[in-house]
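Colleague: Here is the input, now give the coordinates:
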Amino acid sequence: MNLSPIILSIPIYFLLIGIELIIQKITKKELYRLNDAVTNISCGITQQLSGIFLKVLGVGAYALVYEHFAVFDIPTNWMSIVALFIGVDFFYYWAHRMSHEINLFWGGHVVHHQSEDYNFSVALRQGSFQIIWTFFFYFPLAIAGFNPIDFVFVSALVTVYQFWIHTETITKMGWFEKVFNTPSHHRVHHGRDPKYIDKNHAGMLIIWDKMFGTFQEEEEKPTYGITKPINSWNPVWVNLDHYSQMAKQIKTIKGFSNKMKFLFYKPGWLPPELGGYQAAPEVDKSTYKKFDTNVPTKLNLYVLYQYVVALAGTALFLFNYTKLDLIFQGIVVLGIVSTIVLAGLLLENKPWAPMMERMRILTISIAGMLAIYFLGLSLWFYLIPAAYFLISQTVLPQPKTRLANA
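Modeller: Residues are numbered from 1 along each chain as shown. Next comes the predicted model:
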């Protein structure tokens, strides 16, 4: 069973999301939109699932460096854990900051900033490729001699801490804000307004931003999102879009040196002959409108139903995937990802999505029955894929009317 603090915190995450939804109901403020929240959590699902196969870059690489290059053997006690907390948070700041200041790295982190809302579900919106560009920032801790088990535990706690700062329901927090990262500080970080961009990179301790010149106080309410909105509810595409745009752009850049600068300089950098650095534009708040799509209520309810099934399947899988062989893991991951991708495409009103959804329902139901057969489970288990097939086919609305983007 997976005992990662991040996985164990899943029930708390959704409890807090539920509380925020109640606050939305009471205050009449629009904190959540179904399509955006579903996409946020879908990105969290894809990041956790891809992390199963990329964990060698995180824990594995750290353990390898520790085994071969550790200078000291630091014992586990309260003093070393406190020191490790500070070290992890410090290197998190630099990994996070470089994820904003290097174009190639930004492709792994941009996913977290794409949402135009700001609520607890945004905390779960994580890029699947981010670990590729950040795992090596923590190697100094391995070389110092902090053992991998302590590192994994402390890193997870630093990540869990950052969940609660993704909310508009908590305003200023007085003295606490002088030292720690808070919702107010992190709202700034998610702002696309020029004054807010690339500010407040802290994980737990805001002191790093104050020390290294990247701190910005929250003043007017930020406009959330990225300078070029993604305009998609597809959790796979939102992970690929930045790299797709980079691939197109780099073809227009002449010279090896300029191509390397494009990869490793700040997002927006271009050579002089292509216009030079493209600074973030001011946001015209009088005309600004969030990306949205208008779909029938029945389709929203259907997507929500499929989403609850996908979440339950994901949670069950994350707690038990170590018991499965690699091929079975891949099949389960493919089933979950296809479910959330089709949910996004249905919310985008893609005309061919309902047909693809019916094919997905049939395929997953058959795969479920085959898995039950090969695992030698009781006949009663066949009722699960059978019921899923019948309910899904019955509830999925017929594609009578498709409304354009709102």
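Colleague: if I've got this straight, W164 is in a helix?
Modeller: No: with DSSP: H, G, I helix; E, B strand; the rest coil as the criterion, W164 is assigned coil and is not in a helix.
Colleague: Apart from its chain neighbours, what residue comes closest to it?
Modeller: Spatially, and ignoring its direct neighbours in sequence, W164 is nearest to L16 (7.0 Å; C-beta to C-beta, 6 or more residues apart in numbering). C-betas here are computed from N, CA, C, even on glycine.
Colleague: tally of neighbours for E101?
Modeller: Here the number of neighbours of E101 (other C-beta atoms under 10 Å) works out to 16.
Colleague: Assess the claim that it and D198 are in contact.
Modeller: Yes: using C-beta atoms under 8 Å, E101 is in contact with D198, at 6.8 Å.
Colleague: Helices of the stretch 201-350 of the chain, start to end?
Modeller: Taking DSSP state H, counting those that start in this stretch as the criterion, the stretch 201-350 of the chain contains helices spanning 207-212, 237-250, 256-264, 297-320, 326-347.
Colleague: Show me what secondary structure element comes after the last one.
Modeller: Tracing the chain past helix 326-347, the next element assigned as helix or strand by DSSP states H and E is helix 353-375.
Colleague: Looking at whichever helix or strand comes after that following helix now, give me its mean pLDDT.
Modeller: Following helix 353-375 in sequence order, the next helix or strand is helix 383-395 (DSSP H and E). Within the predicted structure, the mean pLDDT of helix 383-395 is 92.
Colleague: which SSE is the most centrally placed residue in the chain in?
Modeller: Averaging the C-alpha coordinates of the chain gives a centre point, and the residue nearest to it by C-alpha atoms, centre = their mean is Q126 (1.4 Å). When elements are assigned from DSSP H and E, Q126 belongs to no helix and no strand.
Colleague: That one contacts H112, correct?
Modeller: Yes: with contact defined as C-beta under 8 Å, Q126 reaches H112; the gap is 5.8 Å.
Colleague: joint contacts of the two?
Modeller: Between them, Q126 and H112 share no neighbouring residue, with contact defined by C-beta atoms under 8 Å, 6 or more residues apart in numbering.
Colleague: Could you break this protein into its assigned domains?
Modeller: Residue ranges for the structural domains of the chain, counted by automatic domain parsing, are given in the record as 5-212, 297-395.
Colleague: Quickly compare the ones you listed and say which is most buried.
Modeller: Of all those, domain 5-212 carries the top mean neighbour count, a mean of 18, counting by mean count of other C-beta atoms under 10 Å.
Colleague: Quick check: end-to-end length of that domain?
Modeller: Using C-alpha to C-alpha, to the nearest Å, the span of domain 5-212 from its first residue to its last is 30 Å.
Colleague: returning to that earlier point: any chance of a markdown table for the helices of the stretch 201-350 of the chain, columns mean pLDDT and distance to W106?
Modeller: Conversion of these to a markdown table gives the following (pLDDT from 0 to 100; distance: least, C-beta to C-beta, whole Å):
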| stretch | mean pLDDT | distance to W106 |
| --- | --- | --- |
| helix 207-212 | 98 | 18 |
| helix 237-250 | 96 | 7 |
| helix 256-264 | 97 | 10 |
| helix 297-320 | 91 | 27 |
| helix 326-347 | 92 | 22 |
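Colleague: Low-confidence stretches in the chain?
Modeller: 1-4, 7, 399-406 (pLDDT under 70).
Colleague: Wasn't L64 part of a helix?
Modeller: Yes: with the criterion set as three-state DSSP, the secondary structure at L64 is a helix.
Colleague: What separation do you get for it and I143?
Modeller: According to C-beta to C-beta, to the nearest Å, L64 and I143 sit 12 Å apart.
Colleague: again, but for W78
Modeller: From W78 across to I143, the span is 22 Å (C-beta to C-beta).
Colleague: In contact with the residue nearest to W164, which residues?
Modeller: Contacts of L16 were listed using C-beta under 8 Å, 6+ apart, and they are 120, 163-164.
Colleague: That one: which element?
Modeller: L16 belongs to helix 10-27 when assigned by DSSP H and E.
Colleague: Also compute the angle for that helix relative to helix 297-320, please.
Modeller: Interaxial angle, helix 10-27 versus helix 297-320 (axes from the mean of the first three to the mean of the last three C-alpha atoms, to 10 degrees): 150 degrees.
Colleague: Quick one: list the elements packing against the helix or strand following helix 10-27.
Modeller: The first helix or strand that comes after helix 10-27 along the chain, using DSSP H and E, is helix 34-55. Using 3 or more C-beta pairs under 8 Å, 6 or more residues apart in numbering; DSSP states H and E as the contact criterion, the elements in contact with helix 34-55 are helix 120-123, helix 130-134, helix 237-250, helix 297-320, helix 326-347.
Colleague: I'm done for today, thanks for sticking with me.
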